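*Asks:* Here is a sequence together with a model predicted from it:
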Amino acid sequence: MDFTFSEEQQAAVEAARAVFTPVAPDGVPSPALTSGPVADDFDRALWTKTADADLLSLLIAPEHGGAGLDAIALCLVLREAAKVLARIPLLEHIAATAAVQAHGSDELRQALLPDAGRGALVLTVASAGRTGHDGADLAVTARRPPETEGGGWVLDGAQTAVPWAFDADRIIVPAHTPDGATVLALLPGPSTDLPGLHLAEQISTTGERLAELHLDGARLTPHDIIDSPAAWPLLHDLLTTGTCAQALGLGEAVLKMTSDYTSKREQFGHPIATFQAVAVQAADRYIDLRAMEATLWQAAWRLSSAAPGPLPLAADVAVAKTWASDGVRRVVQTAQHLHGGFGADTDYPLHRYHAWAKHLELSLGPAAAHEETLGDLLASHPLG
């Protein structure tokens, strides 16, 4: 398979590197040293630079001011952002624009996409479900009361661990209807004081501010609902594949950090990188990263091209999640081991990468669950 990137995709990578390379991952307080979130807001200055580089409009069609690129370009940009632990809602925002672009009404696209592409409107997504272990589309109900009761849509339920919710202008929430369909509800941000919407603060393993979102009879107009049955699967696959890209970028940064350290740290008059035990562990983690990369591009390519295959797209996504979840954990654990006590120093950025890696691992879910999903797909789609 040819994994050569197009000129447009390569241009997106170059723009991302120009924006994210100067970012210092150790410029944020350590989660271990704060009693609350590491910051009250995301990095607005970095957000502005990202918007100025036209990276927020990657998946928006040209008629709405975007580049009209695909999931591969998104993953390439997320990979660069994750290398420096960029504190912006990049994945959630761009994935949300893709769902609106593909399945929103003309009115909704006109209202949201131009401002979202410029960064003037911040979008995020609730995708963890009620507990983090159940389907996000099952955690909230959406019903249409009769016109005599006000019409529109009424939402009830809860979502946990919603990223950047306190700072977003719109929160996209999947919800199931009485007939079993899934819709996307575009809630206004907390600044609007929508009746029936409440956010409770949560703190992630990274020290970032999350929200537990509660809906109690919150009412939306039909214009704030995307009722296409394909909208949530697209959004979910983009979020999942994008998280795998973040895990890859983080892992690559950590392995480079480990390589630099072991090349300089000496024992018995020699750099510890020359010791066989150290070299073998580093080589194993390099293999993990290459497997994470190959499975990521396979999933992103299937998602971008909608190309048919012997198995559904869900199989490629499950394989990518298996490698990303296990791989990012192994990379940071090996890095901590090879750094010794230095890796736990809060003045050194490795502990922040470890915290972000754990957050990504938990977001992706256990590899065993994805292997079970893959097994079920193989059983229901026999090959040959």
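*Replies:* Alright, I've got the coordinates. Numbers count the residues shown, from 1 in each chain.

*Asks:* Spatially central residue in the protein, please.
*Replies:* Nearest residue to the geometric centre of the chain (CA atoms, centre = their mean): residue 243, 4.0 Å.

*Asks:* Which of the residues in the helix or strand encompassing it are classified as buried?
*Replies:* Element membership for residue 243 (DSSP states H and E) is helix 231-264. Residues of helix 231-264 classed as buried: 231-255, 257-259, 261-262 (neighbour count, 16 or more other CB atoms under 10 Å). To be clear about C-beta, it is placed using only N, CA and C from the backbone, and glycine gets the same treatment.

*Asks:* swap in stretch 50-57?
*Replies:* Using 16+ other CB under 10 Å as the test for burial, stretch 50-57 gives 50-51, 53-57.

*Asks:* cool, and stretch 110-128?
*Replies:* Neighbour count says stretch 110-128 has 111-114, 116-117, 119, 121-128 buried, by 16+ other CB under 10 Å.

*Asks:* Sort out which one of those lies nearest residue 24 for me.
*Replies:* Nearest to residue 24, judged by CB to CB, of the buried residues of stretch 110-128 is residue 119 at 21.5 Å.

*Asks:* I figured the closest one hits residue 47, correct?
*Replies:* Yes - contact status for residue 119 versus residue 47: in contact at 5.7 Å, counting by CB atoms under 8 Å.

*Asks:* wouldn't residue 182 be in contact with residue 141 here?
*Replies:* No - using CB under 8 Å, residue 182 makes no contact with residue 141, being 10.9 Å away.

*Asks:* Find residues that contact each of the two.
*Replies:* Residues touching both residue 182 and residue 141 (CB atoms under 8 Å, 6 or more residues apart in numbering): 175-176.

*Asks:* Between those two, which is the more surrounded one?
*Replies:* The neighbour count for residue 182 versus residue 141, taken as other CB atoms under 10 Å, is higher for residue 182 (23 against 14).

*Asks:* Identify the bridge partners of that one.
*Replies:* For residue 182, the beta-bridge partners under DSSP bridges are residue 176.

*Asks:* residues contacting it?
*Replies:* Residue 182 makes contact with 137, 174-176, 229, 231-232, according to CB under 8 Å, 6+ apart.

*Asks:* how about the helices of the stretch 51-200 of the chain, start to end?
*Replies:* 71-83, 90-103, 106-118 (DSSP state H, counting those that start in this stretch).

*Asks:* Also the stretch 251-384 of the chain?
*Replies:* With helices called from DSSP H, counting those that start in this stretch, the stretch 251-384 of the chain shows them at 276-305, 313-339, 350-364, 367-380.

*Asks:* I'd like these written out as a markdown table, with mean pLDDT, mean neighbour count and distance to residue 61 added.
*Replies:* Converted to a markdown table, those look like this (pLDDT from 0 to 100; neighbours: other CB atoms under 10 Å; distance: least, CB to CB, whole Å):
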| stretch | mean pLDDT | mean neighbour count | distance to residue 61 |
| --- | --- | --- | --- |
| helix 276-305 | 94 | 18 | 15 |
| helix 313-339 | 95 | 23 | 22 |
| helix 350-364 | 94 | 22 | 29 |
| helix 367-380 | 91 | 14 | 32 |
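
*Asks:* In a markdown table, list the ones you listed along with distance to residue 38.
*Replies:* Shown next, in a markdown table, are those (distance: least, CB to CB, whole Å):
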| stretch | distance to residue 38 |
| --- | --- |
| helix 276-305 | 27 |
| helix 313-339 | 18 |
| helix 350-364 | 9 |
| helix 367-380 | 28 |
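
*Asks:* Quick one: closest of those to residue 216.
*Replies:* Taking those one by one with CB to CB, helix 350-364 is closest: 26.5 Å.

*Asks:* pLDDT of stretch 150-162, averaged?
*Replies:* For stretch 150-162, mean pLDDT is 93.

*Asks:* Let's see that stretch as PDB, backbone CA atoms only.
*Replies:* What follows is stretch 150-162, C-alpha atoms only, in PDB (Å, rounded to 0.1, in the frame of the first residue of the first chain):
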ATOM      1  CA  GLY A 150     -43.500  23.900  22.600                       C
ATOM      2  CA  GLY A 151     -42.100  21.700  19.900                       C
ATOM      3  CA  GLY A 152     -38.400  21.500  19.200                       C
ATOM      4  CA  TRP A 153     -36.200  18.900  20.900                       C
ATOM      5  CA  VAL A 154     -35.900  18.100  24.600                       C
ATOM      6  CA  LEU A 155     -32.700  16.400  26.000                       C
ATOM      7  CA  ASP A 156     -32.200  14.500  29.200                       C
ATOM      8  CA  GLY A 157     -29.100  12.600  30.500                       C
ATOM      9  CA  ALA A 158     -25.500  13.100  31.300                       C
ATOM     10  CA  GLN A 159     -22.000  12.900  29.800                       C
ATOM     11  CA  THR A 160     -18.800  12.600  31.700                       C
ATOM     12  CA  ALA A 161     -15.300  14.000  31.000                       C
ATOM     13  CA  VAL A 162     -16.300  16.500  28.300                       C
END
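
*Asks:* Buried residues of that stretch, list them for me.
*Replies:* Within stretch 150-162, judged by 16+ other CB under 10 Å, the buried ones are 153-155, 157-162.

*Asks:* which of these lies closest to residue 337?
*Replies:* Once CB to CB is applied, the member of these that ends up nearest residue 337 is residue 161, at 28.9 Å.

*Asks:* My guess is the closest one contacts residue 202. True?
*Replies:* Yes - counting by CB under 8 Å, residue 202 is a contact partner of residue 161 at 6.2 Å.

*Asks:* what is in contact with these two at once?
*Replies:* Joint contacts of residue 161 and residue 202 (CB under 8 Å, 6+ apart) are 210-212.

*Asks:* Return the member of these nearest to residue 296.
*Replies:* Nearest member of the shared contacts of residue 161 and residue 202 to residue 296, counting by CB to CB, is residue 210, at 24.8 Å.

*Asks:* Nothing else from me, thank you.
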